[in-house]
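> Need a 3D model of the sequence below.
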Amino acid sequence: MHVFKEEQKFNQWWVYAIVFFTGAGSTISIYNETDGFTNFKEAGPILFGLFLIGIMVYLFSLRLKTKISKVGIEANFRPLPFFKREYRWNEIASCNVRKYSAITEYGGWGIRGLFPTKAYTVRGSYGIQIVTKDNVHFLIGTQKPEKAKATVKRYTQKHEN
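Next up is the predicted model:
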């Protein structure tokens, strides 16, 4: 049994730069507002700083997990349980691996699009394009387009017969 599995995360240099400068700015702001971390009378800056730090930690924990198997295709942005999509082969009208433009087609990377066109991407310009029999378009970004293409081809040929 051939199964394609891929896990991607946001680890581009510019993501690290945003996180670093946001964290540094928050720390400096809290330092200045608390007289060098000694006077914690104002809760606002501290809560805002903790909120930003929480967002940064959360961003680093995000993972796009993709699985193509004999059952179908699933994509999940973990740890977000409500951003899990599963498509069984009998629900799929067409499926192929294609080159795409995250900016012009979806407005960037991440969880993008409105019903009936959605995309889960992390980076790059290749994705697994799924079109369901209900005309829902869903794209899953991949860093392994050749392996994904071979696996999709294998299962689409099996389900065409």
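> This structure: strands as residue ranges?
4-9, 63-68, 72-78, 84-88, 92-99, 110-114, 117-121, 126-132, 137-141 (DSSP state E).
> Please tabulate those in TSV, including the columns distance to S26, mean pLDDT and mean neighbour count.
(Glycine included, C-beta is placed from N, CA and C.) Shown next, in TSV, are the strands of the chain (distance: least, C-beta to C-beta, whole Å; pLDDT from 0 to 100; neighbours: other C-beta atoms under 10 Å):
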stretch	distance to S26	mean pLDDT	mean neighbour count
strand 4-9	22	94	17
strand 63-68	24	95	20
strand 72-78	25	93	20
strand 84-88	31	94	14
strand 92-99	38	96	15
strand 110-114	22	83	14
strand 117-121	28	90	22
strand 126-132	34	96	20
strand 137-141	30	95	23
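> Just put those strands in JSON lines and tack on distance to A17.
Shown next, in JSON lines, are the strands of the chain (distance: least, C-beta to C-beta, whole Å):
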{"stretch": "strand 4-9", "distance to A17": "16"}
{"stretch": "strand 63-68", "distance to A17": "20"}
{"stretch": "strand 72-78", "distance to A17": "22"}
{"stretch": "strand 84-88", "distance to A17": "30"}
{"stretch": "strand 92-99", "distance to A17": "27"}
{"stretch": "strand 110-114", "distance to A17": "17"}
{"stretch": "strand 117-121", "distance to A17": "20"}
{"stretch": "strand 126-132", "distance to A17": "24"}
{"stretch": "strand 137-141", "distance to A17": "21"}
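> So which bits of the longest helix along the chain are buried?
In the chain, taking DSSP state H as the definition, the longest helix is helix 13-33. By neighbour count on 16 or more other C-beta atoms under 10 Å, the buried set for helix 13-33 is V15, V19, T22, G23, S26, I30, E33.
> from those, which single one is nearest Y87?
V15 (28.4 Å; C-beta to C-beta).
> what residues are up against the residue lying closest to F138 once chain neighbours are set aside?
Nearest-residue entry for F138: I130, 4.6 Å, with adjacent residues in sequence omitted and distances by C-beta to C-beta, 6 or more residues apart in numbering. Residues in contact with I130, defined by C-beta atoms under 8 Å, 6 or more residues apart in numbering, are I73, Y87, I92, S94, C95, V136, H137, F138, L139, I140.
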